[in-house]
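**Q** Could you look at this predicted model? Sequence included:
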Amino acid sequence: MINFIQFTFTRAFLAFITLLLVCFIVFSLMELVPGTCAERYLAFKNTQGSSITVEDIRAEEKRLGLDKPFLYRYGKWVTNIIFKGDFGDSCILRMNINELLSGRFLLSLAIAITALLFSYFIAIPVGIISATTRYKSIDTTLKFISYLGIALPNFLVALCIMLFMTVYFGDTMTGLFSKDYETAPWSYNKFMDFLSRAWLPIFVLGWNATAFALQTVRALMLDENDKLYVMAAKARGITGMSLLWRYPAKHSLGPVINSIGFDLNRIFSALPIVALILILTEAGALLIEALARSNDQQLAGAIIFLLTATIVFVNFVTDVILAIIDPRIRKGVMGGG
C-alpha cells in the first residue's frame, strides 16, 4: 500500500511538473507573437475607426503590466492559474477569459470524451472480432473499413454528412443548438435539443479515433494470440470465449488504457477544424477565432493550456489505473504481488 501511495504521488508530481512546463511553453509562445497585447488591441481599435498614438500604446502597456520583465509576468500568470484558476482578460475582446470559456470548454470536453467513449465502445469488440477471424472475409471487411476511417479526414466526413442531411432532410445540422434554443437558458428541452444535434460532432470526431483504436486492438490481440502462454492454455483444453477473455483480451487491455491520453489528444487536435465546419460555439471554435482571426494570444493560450492539462490529467489517471489492474506493472513498479 505504501508503494502504491508513493507511486501515485510520484506520478502526480511528474504531472505537475509537466503542467509547469506547458505553462512556460504556452506563455513563451504568446510572447513570441509580434507586437504586445496592447499593440494588438489598439491596432484592432484602429481598424474600428479609433485614432491611436504611441502614448496610447505605452499607457496601455503599463496598465496591463507589460512593462515588467518576462519572468515576473510569467510567474504572475502561472500563480493566478494554479492558485486562483484565473486566466486573466482576453487581449482583444477585453472580457474575462474564465467567463468566456466557462460553458464552452465544458461542452468541448463533454463532446470529446463522448467521442472517445464512442470510439472504444465500437473499436474494442470489433477489433477482437477482427483478430479472432484472421484472414477470413469478415476480418478483411473490418480492416478495409478501418483503413477507410484512417484515410478519410474528419472534415471530409463532416461535409459529406452535412450534404446528405441538407439534400434529404433540409437541415445541415450545424451548430450545437437549433435557432429556437441558441440563446435560451438551459432547460430539459434545450438539453434534448443539444442531444439531437451533438451526435454529429461526436460521430465525426470519433471517426478517425475509432479506426485507429480498432487497428490497435486488432494488432494487440494478434500479438497476444501468438504467445506461448496462450498456446499452453489451449493445450490444457481452454478454448472459446473463456480462452479469449481470460488471456489475450485481458492482457491487451493495458496498452489500450495506456493509449487513452493519446487518443484524446487526437480528438482535441481535430476539434478546431470540425468546430469551424460545423459552426459550433464551443472552445474549438473560439480557438480558431483567437488564432486565425483576432490574433488574441491570451485567449488561445488559455484554451491550449486547458486542453493540454486535460490530457496530462487523463494520462495520470490511466497510469494509476494500470498500476492497479495490471499485475505486471504492479509487481515491476510498485513491488506488489
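**A** Yep, it's here. Numbers count the residues shown, from 1 in each chain.
**Q** For this structure, name the helix or strand with the lowest mean pLDDT.
**A** Least confident helix or strand, the chain: helix 327-334 with a mean of 65, by mean pLDDT, DSSP states H and E.
**Q** Contacts only, for the residue nearest the centre of the chain.
**A** When Cα atoms, centre = their mean is applied to the chain, the residue found nearest the centroid is residue 268 (3.3 Å). Residue 268 makes contacts with 112, 307, 310, 311, as judged by Cβ atoms under 8 Å, 6 or more residues apart in numbering. C-beta coordinates here come from the backbone N, C-alpha and C atoms, glycine included.
**Q** is it fair to say residue 174 lies in a strand?
**A** No: under DSSP: H, G, I helix; E, B strand; the rest coil, residue 174 falls outside any strand and is assigned coil.
**Q** Report the contact partners of it.
**A** Counting by Cβ under 8 Å, 6+ apart, residue 174 makes contact with 162, 278, 279, 280.
**Q** Which residue lies closest in space to the third one, excluding its sequence neighbours?
**A** When you say that, I think you mean residue 279. residue 174 (4.2 Å; Cβ to Cβ, 6 or more residues apart in numbering).
**Q** Can you list phi and psi of that neighbour for me?
**A** The phi/psi pair for residue 174 (degrees, to the nearest 10) reads phi -80, psi 160.
**Q** Can you give me the pLDDT of it?
**A** Per-residue pLDDT puts residue 174 at 77.
**Q** From residue 206, how far out is it?
**A** Distance of residue 174 to residue 206, computed by Cβ to Cβ, to the nearest Å: 18 Å.
**Q** same check, this time on residue 137
**A** From residue 137 to residue 206 the distance is 26 Å (Cβ to Cβ).
**Q** just residue 154 next, same as before
**A** Between residue 154 and residue 206 the computed distance is 9 Å (Cβ to Cβ).
**Q** does residue 93 sit in a helix, a strand or a coil?
**A** Assigned state for residue 93: coil (three-state reduction, three-state DSSP).
**Q** Verify the contact between it and residue 302 for me.
**A** No: with contact defined as Cβ atoms under 8 Å, residue 93 does not count as touching residue 302 (12.0 Å).
**Q** Settle it for me: which of those two has more neighbours?
**A** residue 302 (28 against 18; other Cβ atoms under 10 Å).
**Q** In which helix or strand does that one reside?
**A** Using DSSP states H and E, residue 302 sits in helix 297-325.
**Q** Report the rounded mean pLDDT for that helix.
**A** 86.
**Q** List the buried residues in that helix.
**A** Residues of helix 297-325 classed as buried: 297-312, 314-316, 318-319, 322-323 (neighbour count, 16 or more other Cβ atoms under 10 Å).
**Q** Same question for stretch 198-217.
**A** Buried residues in stretch 198-217, defined by neighbour count with 16+ other Cβ under 10 Å: 198, 200-217.
**Q** In helices, which of those appear?
**A** Mapping those onto helices (DSSP state H) picks out 198, 200-217.
**Q** what stretches of the stretch 201-337 of the chain score poorly on pLDDT?
**A** Within the stretch 201-337 of the chain, the segments meeting pLDDT under 70 span 281-284, 290-295, 327-337.
**Q** Thanks a lot, catch you later.
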